[in-house]
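Q: here is my input, please return the structure:
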Amino acid sequence: MKLSKIVIAAAVVAAGASSLSTSAIAQAKEQFFPLLSYRTGPYAPNGTPWANGKQDYIKLINARDGGINGVKLTFEECETGYATDRGVECYERLKSRPGVSLFDPQSTGITFALTEKAPADKVPLMTLGYGLSVSQDGMAFKWNFPFMGSYWTGADILIQHIGKNLGGMDKLKGKKIALVYHDSPFGKEPIPLLQERSKMHGFELQMLPVTAPGVEQKATWLQVRQSRPDFVLLWGWGVMNSTALKEAQATGYPRDKMYGVWWAGAEPDVRDVGEGAKGYNALALNGSGQQPKVIQDILKHVHDKGQGTGPKDEVGSVLYTRGVIIQMLSIEAVRRAQERFGKGKVMTGEQVRWGLENLALDQKKLDAMGFGGVMRPLSTSCADHMGSTWARVQTWDGKKWNIGADWYQADEQILKPMVKAGSEKYMSDKKLTRRDAADCQS
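A: Residues are numbered from 1 along each chain as shown. Sure thing, here's the model as predicted:
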C-alpha cells in the first residue's frame, strides 16, 4: 500500500514537472506586452478606444501572421484610472513577467515616475506623442522613446500654423495667446516652448490652469471672456475637452480661434458638443477612418471573427488608430530586435530597447504594412528617440474631422538647443552621465 502511494506520488510529481516544463517552453515562445489602461473614471471615454486599438492589433498579428516569426504575442491589461500611483503599481506588478517587452504608460505623470525606474529594470518606455519632451535626446534618455512628437513639437507646430494663417510669423507680434491647460505634468509640458516662442515673436502668453479632471471651468472661461485672447490653445484630456468647448460656446468665444493638442482632437472631445464645436481646430498626429488596409485587416481577421475588443463602429476612430500605431511600433521594435538577436526568439527588454532605437519605417514599408495614409515615415537612432516631428491640423465641421493638407514639422533650430539644455539639466540633477558612442551599439 505504501509502495503504491509512493508510485502514485512520484507519478504526480513527474506530471507536475512535465507540466512546468511544458509551461516554461510555452512561455519561452511568448512575447508579453503589459498594457496600462484606463477604462474607468473621467478619462475613460478617451482611454478606452486607445486601449482597444492596442489589443486588437496584437490579436491581428497573432491571427493573421501567427505572431512575430513564430513567437506568439500575449498581453495583460492593468487599470490605472490615469492615476500615477496606480500606474506605478501596475508597472511593478508586470515588469518581471517572462518575455516582457516595454511599457506604454499612457500618462505623462506615470512616465515621470517610471523614468527613474526603467534604467534599473532595463525595460523601455514608449511615450508616443506625450511624456518628457527632453527625452527625445537618446544620448541622455536611453530607455525613453517619445515617438512621433512631444508637447514641445506640438506646441511649436500650433504656433507655426497660427502664424501662417495670420500671413507670417511676424504678424504674431502684439497678439495674445491663452493656454488653457490641464494642471498636471501633461498640461505644463508645452509651457517652456510657448515661452520661448513668445520671446521670439512678441506675443503675450496667458496661462490658465484647470484643476483635474476639468469638469469645472466656469472661472477659467470668465477669465478668457475678460482678457479676450486672440487665440486659445487647449491642452486637455478626457472630459476637460468637451467641457472647455461647451464653456467657450456659453461665453461666446469663437471656436475657430481654439486650437487643441492631439489629445484634444478625437471624437469623444467633440461628439457631445456637435454643432457647438464647429470650427474648432486640433493637431492630428495620425490619420483615421476605416479605409486604411490595416484597419480593414483588423475588421476582417479580428472583428468579423467575433474577437474584437470594443464596438465595431469605433474601429478606425482617431484614438483607436493611435492605439494601433503604438502597438505596431512596439511589435516592429521586437521584430527589428529579432533581426539582430535571433529570429523566432523572445526578446528581452534590453533587446527591444535596441529595436526601438534602430527602427526604419519608410513609406514603402508603411504601405506594405497597411499604414499608408495613417502616419508618416519614422526613423530612430541613438541620438534621436523621437523619429518624426510632423503633424497636421484638423477642423471639426459639426459632424466630422477634416484634416488639412499641410504637414508641419517642428522647428529643430528652436527645439534642439532646448532639448539639449533640458537633458543636461536632468542629468546634472540626477547625477547621471551621457552615453558614449560605444554604448550605442549595445
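
Q: tell me the first helix or strand C-terminal of the lowest-mean-pLDDT helix or strand in the chain.
A: Taking mean pLDDT, DSSP states H and E as the measure, the chain has helix 2-28 as its least confident helix or strand, at a mean of 42. For helix 2-28, the following helix or strand on the C-terminal side (DSSP states H and E) is strand 30-37.

Q: what residues sit buried inside the helix or strand following that next one?
A: Beyond strand 30-37 on the C-terminal side, the first helix or strand identified by DSSP H and E is helix 44-65. By 16 or more other CB atoms under 10 Å, the buried positions in helix 44-65 come out as 44-63. The C-beta positions use only the backbone N, C-alpha and C, and glycine is treated the same way.

Q: can you check stretch 423-433 too?
A: 423, 426-427.

Q: go on, stretch 172-183?
A: Neighbour-count burial for stretch 172-183, counted by 16+ other CB under 10 Å, picks out 172, 175, 177-182.

Q: and if you look at stretch 297-307?
A: In stretch 297-307, counting by 16+ other CB under 10 Å, buried: 297-299, 301-303.

Q: stretch 30-38 too?
A: In terms of neighbour count (16+ other CB under 10 Å), stretch 30-38 has its buried residues at 31-38.

Q: now that stretch, how far from the chain's geometric center?
A: Averaging C-alpha positions (CA atoms, centre = their mean, to the nearest Å) puts stretch 30-38 14 Å from its chain's average.

Q: go on, stretch 172-190?
A: 20 Å.

Q: then stretch 297-315?
A: With CA atoms, centre = their mean, you get 22 Å for stretch 297-315.

Q: dump it to CSV, restricted to CA.
A: C-alpha atoms of stretch 297-315 as CSV (Å, rounded to 0.1, in the frame of the first residue of the first chain):
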residue,chain,number,x,y,z
ASP,A,297,-7.4,43.7,-41.8
ILE,A,298,-8.5,44.2,-38.2
LEU,A,299,-12.1,44.2,-39.2
LYS,A,300,-11.6,41.0,-41.3
HIS,A,301,-9.3,39.0,-39.0
VAL,A,302,-10.5,40.2,-35.6
HIS,A,303,-13.9,41.8,-35.5
ASP,A,304,-15.5,39.6,-38.2
LYS,A,305,-14.4,36.6,-36.2
GLY,A,306,-16.1,37.9,-33.0
GLN,A,307,-12.7,38.7,-31.4
GLY,A,308,-12.9,42.5,-31.3
THR,A,309,-12.1,44.2,-28.0
GLY,A,310,-14.7,47.0,-28.4
PRO,A,311,-17.6,48.1,-30.7
LYS,A,312,-17.0,47.6,-34.4
ASP,A,313,-18.0,51.2,-35.2
GLU,A,314,-15.2,52.5,-33.0
VAL,A,315,-12.6,50.8,-35.2
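
Q: can you tell me what sits against it?
A: 48-49, 51-52, 55-57, 59-60, 63-64, 290, 295, 320, 324, 370 (CB atoms under 8 Å, 6 or more residues apart in numbering).

Q: just the residues you listed now: which is nearest residue 111?
A: Closest approach to residue 111 among these (CB to CB): residue 51, at 16.6 Å.

Q: residues touching that closest one, list them.
A: Contacts of residue 51 (CB under 8 Å, 6+ apart): 35, 37-39, 77, 106, 309, 323.

Q: cool, and residue 218?
A: Here residue 218 is in contact with residue 247 (CB under 8 Å, 6+ apart).

Q: so how far is residue 323 from it?
A: Distance, residue 218 to residue 323, using CB to CB, to the nearest Å: 33 Å.

Q: can you pull up the most central residue in the protein?
A: residue 128 (3.2 Å; CA atoms, centre = their mean).

Q: next, count neighbours for the residue nearest to that residue when sequence neighbours are not counted.
A: Leaving aside its sequence neighbours, residue 128 sits nearest to residue 147 (CB to CB, 6 or more residues apart in numbering; 4.4 Å). By the criterion of other CB atoms under 10 Å, residue 147 has 28 neighbours.

Q: surely residue 147 meets residue 130?
A: No. At 9.9 Å, residue 147 and residue 130 do not qualify as touching, with contact defined as CB atoms under 8 Å.

Q: next, work out how far apart residue 336 and residue 354 are.
A: According to CB to CB, residue 336 and residue 354 sit 8 Å apart.

Q: I should have written residue 243 there, sorry.
A: 43 Å.

Q: of those two, give the one with the bigger neighbour count.
A: Using other CB under 10 Å as the criterion, residue 243 and residue 354 rank with residue 243 on top: 24 against 20.

Q: pLDDT of the helix or strand hosting the more buried one, averaged?
A: Assigned by DSSP H and E, residue 243 belongs to helix 239-251. On average, the pLDDT along helix 239-251 is 97.

Q: for whatever helix or strand comes next after that helix, give me every contacting residue.
A: Where DSSP H and E defines the elements, the next helix or strand beyond helix 239-251 is strand 258-260. Identification of contacts with strand 258-260 by CB under 8 Å, 6+ apart yields 158, 161-162, 231-236, 241, 244-245, 248, 269, 280-283, 393.
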